[in-house]
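1. sequence and predicted structure are below.
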Amino acid sequence: ALKYLIGAENAAWALRLGLGLFQYWESRDHAGEGAEWLQAILAIPPQARTRERGLTAMYLSALLAPRGDYDRAMRAAEESVAIHRELGDVAGEAAAVNARGVIERRRGDYAQARASFETAVERWRACEGAGATGVSGSLTNLATVLNELGDHSGALACIDDVIRIRPQVGDRIGLGFMVR
């Protein structure tokens, strides 16, 4: 189906199908295949700046980074940040900035990752109640980076915030990981 949609240059449906397949590719260790499909989808003209395109670019970055393809992952994450910012999609921007921070952390650029995670937390908080799950995830990432930078009290403060937030969003599993 994806091959047909890409050949027919049907970007709207190809983006939807690619978004639907992301979790399959990621969870079943098919990141390389998924990245190839998402790149082909993003190349379909016209390259309209839509929410779906922004999400697809972010998902592409998530498939590329674990494979060590940091440059392409960063370009995809930056495209996602830009699209969501242009659209005024604060939650999408927060998620994309968090994805950028993950890439920076994997690269070992902890200072830049810290800045990205702090920005993501700020953007998620601007979403009010709707961003609680995102705040929790970005704070967890920030705690990891602060720990790597030797700021253990800052990391613990982030963890304390996460412990307060996770029950509000019903994330008992995530809470269990935080307090184990």
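-> Received the coordinates, thanks. Numbers count the residues shown, from 1 in each chain.
2. C-alpha from now on. contacts and neighbour counts both.
-> Fine.
3. could you list the residues in contact with the strand or helix carrying I6?
-> Applying DSSP states H and E as the criterion places I6 in helix 2-7. If you take C-alpha atoms under 8 Å, 6 or more residues apart in numbering as the criterion, helix 2-7 is touched by 11, 13-14, 17-18, 37, 40-41, 44.
4. in it, what's buried?
-> 2, 5-6 (16 or more other C-alpha atoms under 10 Å).
5. of the residues you listed, closest to C158?
-> Closest approach to C158 among the buried residues of helix 2-7 (C-alpha to C-alpha): L2, at 41.3 Å.
6. can I get stretch 144-160 as PDB, trimmed to CA atoms?
-> Output in PDB follows, covering the C-alpha atoms of stretch 144-160 (Å, rounded to 0.1, in the frame of the first residue of the first chain):
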ATOM      1  CA  THR A 144      19.100  11.700  33.000                       C
ATOM      2  CA  VAL A 145      21.100  14.500  31.400                       C
ATOM      3  CA  LEU A 146      21.500  16.500  34.700                       C
ATOM      4  CA  ASN A 147      22.800  13.300  36.300                       C
ATOM      5  CA  GLU A 148      25.400  12.900  33.500                       C
ATOM      6  CA  LEU A 149      26.400  16.500  34.000                       C
ATOM      7  CA  GLY A 150      26.900  15.900  37.700                       C
ATOM      8  CA  ASP A 151      24.000  18.000  38.800                       C
ATOM      9  CA  HIS A 152      22.500  15.300  41.100                       C
ATOM     10  CA  SER A 153      20.300  17.700  43.100                       C
ATOM     11  CA  GLY A 154      18.800  19.100  39.800                       C
ATOM     12  CA  ALA A 155      18.200  15.500  38.700                       C
ATOM     13  CA  LEU A 156      16.500  14.600  41.900                       C
ATOM     14  CA  ALA A 157      14.300  17.700  41.700                       C
ATOM     15  CA  CYS A 158      13.200  16.600  38.300                       C
ATOM     16  CA  ILE A 159      12.500  13.100  39.600                       C
ATOM     17  CA  ASP A 160      10.400  14.600  42.400                       C
END
